[in-house]
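Enquirer: my questions concern the predicted model and sequence given below.
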Amino acid sequence: MKKNYLFYGVLAATVTFVTACGSNATTETETQPAAEASTTEASADDTAVNTDNELTQAPEKIDIEGLKTTSLLDVDVDSLVKLGDYKGITVEAKKKEVTDQDVEDALNSTYSANPEMLEVTDRAIEEGDTANIDYEGKYADTKEAFQGGTAQGYDLAIGSGQFIDGFEDGLVGVKTGETVDLNLKFPEDYGSADLAGKDVIFTVTVNSIKTPAEEPSDEWAKSLGVEGVTNLEELKAHMKEDLENEAQESYDDEVRNAAVEIVVNNATVEELPEELYNRYFVMIYKSVESYVQQLQAAYGVEVSVEEYVQNIMQSNGLSGEPKDYLSDIANQQGKRCLVLQAIANKENIEITEDIIDEYVQKDYDTYFYQGYETIDAYKESFDSEDYREQIMADKVADFIVENAQVVEPQ
């Protein structure tokens, strides 16, 4: 489905916190014991609470159980909304021009992440090389191998900081075929109690050495497996096309969002009926709850919805309770939905069951076929009114843009 015009506000508000948390959080089931604890392990408390912005007290628990809700179809929308101008509005937006430098930057970024690796046979390991190694880790006192400390054919980028201090530095100067013993010590605060502060010996054999080629080649471009790309020039053309498509999508989203907000601001909306307000409050709460669950599943982060929201508030310099913050968003979203529905009513934009079924089928075939055994099982997982409102919002947004004048900012 297209961008969610009903709820993009809360998604934008949460993205900063999601990025900050996700970039630092990992699971605590990491099986690479030579990896540095500070870069491969993070506690839920450390991740959930930004250390530069610590929570001073636990926020008030939000209870959404038992809240009675209703939908747009069950309220007199036209009596609640006085529409202002929604046809012929002027929207200011400018599409980004894709330059040759943008293409070069994209190429360099792609190459940095996945460079062409050339085998080195005439020298020892240097910083920046990737060494393919076999290693075995043993306790220094007992010479007993510790669990998870052995691997074969492991590609290690020297200087990446993946392993504990001394491991990568100890391989600099070692040649292919050579074996060395590295006498090291795990950090005192290492995540595994069996290894924290322990003296160990890693016996490491270097199988091969590779280093990135300085410049991407036609062969590298072809190796990426991009359809129709056999050399660098074709890859650049492909990248430029992708960048232009992204620029167009971003521009379209900017126009649609701006147009909808202008129309909403032009309208006058009465206070939301309590049960309709409850609907959007519950939606917003569950939207944030979904992010929290994703964090826990992906990174092992345990944080409540309330703590999550309070972090968002604090990162934006806001005070107060999370419930009030979510309440403001729910009112904004409710107003937006009412205005869009009022336009749909006036312009006879009707969303039939057949249209809803078409969207549901497309989403199921594209995203949810693995999570639900049948489409009927998928349908049981949501309220069809959620789909109807979203489709209605999309179609009304299209209508507003089609009847708007889009100009570049002066």
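Expert: Now that the structure is in, tell me what you want to look at. Numbers count the residues shown, from 1 in each chain.

Enquirer: what ranges do the strands span in the stretch 201-350 of the chain?
Expert: 268-269 (DSSP state E, counting those that start in this stretch).

Enquirer: next, the buried residues of stretch 265-277.
Expert: Buried residues in stretch 265-277, counting neighbours by 16 or more other CB atoms under 10 Å, are found at 267, 269, 272-273, 276-277. No exception for glycine: its C-beta is placed from N, CA and C like everyone else's.

Enquirer: could I get the full set of helices for the chain?
Expert: 8-24, 37-40, 44-48, 77-80, 100-113, 218-223, 232-266, 274-299, 305-315, 322-346, 353-363, 375-379, 384-402 (DSSP state H).

Enquirer: what about residue 116, neighbour count?
Expert: As a burial measure, residue 116 scores 16 neighbours (other CB atoms under 10 Å).

Enquirer: how near is it to residue 228?
Expert: 20 Å (CB to CB, to the nearest Å).

Enquirer: kindly state the pLDDT recorded for residue 191?
Expert: pLDDT, residue 191: 85.

Enquirer: could you report the neighbour count for it?
Expert: Residue 191: 19 neighbours (other CB under 10 Å).

Enquirer: check the one 10 residues further on too.
Expert: Number of residues near residue 201 (other CB under 10 Å) recorded here: 18.

Enquirer: doesn't residue 181 make contact with it?
Expert: Yes. Residue 201 lies in contact with residue 181 (CB atoms under 8 Å); the separation is 5.5 Å.

Enquirer: and residue 245, what does it touch?
Expert: By CB atoms under 8 Å, 6 or more residues apart in numbering, the contact set of residue 245 is empty.

Enquirer: the one 10 residues further on too?
Expert: Contacts for residue 255 (CB under 8 Å, 6+ apart) come out as 91, 93, 401, 404, 406.

Enquirer: and of those, the nearest to residue 124?
Expert: Nearest to residue 124 out of those is residue 93 (CB to CB; 56.1 Å).

Enquirer: what number of residues lie near that closest one?
Expert: 18.

Enquirer: same check, this time on the one 10 residues further on
Expert: Residue 103 has 20 neighbours, counted by other CB under 10 Å.

Enquirer: report pLDDT for it.
Expert: 97.

Enquirer: residue 298 now?
Expert: pLDDT, residue 298: 88.

Enquirer: that one and residue 291, how far apart?
Expert: Residue 298 sits 10 Å away from residue 291, going by CB to CB.

Enquirer: now do residue 399
Expert: 31 Å.

Enquirer: for residue 90, same thing?
Expert: 35 Å.

Enquirer: of those two, give the one with the bigger neighbour count.
Expert: Comparing residue 90 with residue 291 by other CB under 10 Å, the one with more neighbours is residue 291, at 18 against 11.

Enquirer: so where is the protein shaky, pLDDT-wise?
Expert: Applying pLDDT under 70 to the chain picks out residues 1-56.

Enquirer: give me the domain ranges for it.
Expert: Listed by automatic domain parsing, the domain ranges of the chain are 8-86+267-407, 117-212.

Enquirer: Throw those into JSON lines and include distance to residue 97, thanks.
Expert: Shown next, in JSON lines, are the domains of the chain (distance: least, CB to CB, whole Å):
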{"stretch": "domain 8-86+267-407", "distance to residue 97": "16"}
{"stretch": "domain 117-212", "distance to residue 97": "31"}
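
Enquirer: so which of those domains comes closest to residue 219?
Expert: Across the domains of the chain, residue 219 has its closest neighbour in domain 117-212 (11.0 Å, CB to CB).

Enquirer: gap between the two ends of the closest one?
Expert: Domain 117-212 has an end-to-end distance of 5 Å (criterion: CA to CA, to the nearest Å).

Enquirer: repeat for stretch 67-82
Expert: Start and end residues of stretch 67-82 are separated by 28 Å (CA to CA).

Enquirer: how distant is stretch 313-329 from the center of its chain?
Expert: Distance of stretch 313-329 from the chain centroid (CA atoms, centre = their mean, to the nearest Å) equals 22 Å.

Enquirer: alpha carbons only: can I get it in CSV?
Expert: The C-alpha trace of stretch 313-329 is given here as CSV (Å, rounded to 0.1, in the frame of the first residue of the first chain):
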residue,chain,number,x,y,z
MET,A,313,9.8,13.1,24.2
GLN,A,314,13.1,13.8,25.9
SER,A,315,15.1,13.6,22.7
ASN,A,316,12.8,16.3,21.3
GLY,A,317,13.0,18.5,24.4
LEU,A,318,9.5,17.7,25.6
SER,A,319,8.3,17.2,29.1
GLY,A,320,5.1,15.7,30.5
GLU,A,321,3.6,12.2,30.5
PRO,A,322,3.7,9.8,27.5
LYS,A,323,-0.1,9.5,27.7
ASP,A,324,-0.5,13.2,27.0
TYR,A,325,2.0,13.1,24.1
LEU,A,326,0.1,10.1,22.5
SER,A,327,-3.2,11.9,23.1
ASP,A,328,-2.1,14.9,21.1
ILE,A,329,-1.1,12.7,18.2
